[in-house]
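> Fold the following for me, if possible:
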Amino acid sequence: MAIRLLARREHTRLELRRKLAAQAESADQLEALLDDLAARRLLADDRYAEQRVNARCGRLGNARLAQELRSSGVEASLIDAALATAGDEVDRARAVWRKKFGAPPADRHEWARQARFLQARGFASDVIARILKDVEDDLDEQHG
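As a prediction, this is how the structure comes out:
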């Protein structure tokens, strides 16, 4: 069953342990299986983290990506390495903002709504402020 699960998608050691726990005869047997899969590189948290970041970095910020990886059992050093491959967070946030809104906020209420959207996607507050300030500055230049 472990191979079948891994054939569908990458899993972390923690995820696979949870899914296989009910079928295992003992905890020691399950750990031995996971060790064997890891030794043969069929199970690799680093590969999972990299794949997950690559799949979701176009829609999510670093904070949300890191939280998802932590909840899947990926250790901090692997999370940092995977996030380093995600590209510039400001550029990603700008692309997400442009796809969703495309127009600068008309008032403070709209500014707050756009900021909340980006925050929910896991983008940092300083990144959000920069994106929305850049949009306002561009608008001022066009009209000024």
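
> so where's the chain uncertain?
In the predicted model of the chain, residues 136-144 satisfy pLDDT under 70.

> swap the cut-off to 90 and go again
The model of the chain has pLDDT under 90 over residues 102-107, 133-144.

> Walk me through the domains of it.
Domain assignment for the chain by automatic domain parsing gives 1-43, 45-87, 89-143.

> Single out the most deeply packed of the ones you listed.
The highest mean neighbour count among those, using mean count of other C-beta atoms under 10 Å, belongs to domain 45-87: a mean of 17. Where you see a C-beta, it was placed from the backbone N, CA and C, and this is true even at glycine.

> show me what contacts the spatially most central residue of the chain?
Nearest to the mean C-alpha position of the chain, counting by C-alpha atoms, centre = their mean, stands Leu65 at 2.3 Å. Residues in contact with Leu65 (C-beta atoms under 8 Å, 6 or more residues apart in numbering) are Arg52, Val53, Arg56, Cys57, Ile79, Ala82, Leu83, Ala86, Gly122.

> what about the strands in the chain?
Taking DSSP state E as the criterion, the chain carries no strands.

> Now do the contacts for Gln114.
Here Gln114 is in contact with Trp97, Lys100, Phe101, Pro105, Leu132 (C-beta under 8 Å, 6+ apart).

> Hmm, Ala115 and the last one touching each other?
Right, the one you point to is Leu132. Yes: counting by C-beta atoms under 8 Å, Leu132 touches Ala115, with 6.3 Å between them.

> picking up where we left off before, distance of the residue nearest to the centre of the chain from Asp28?
Computed as C-beta to C-beta, to the nearest Å, the Leu65 to Asp28 distance reads 34 Å.
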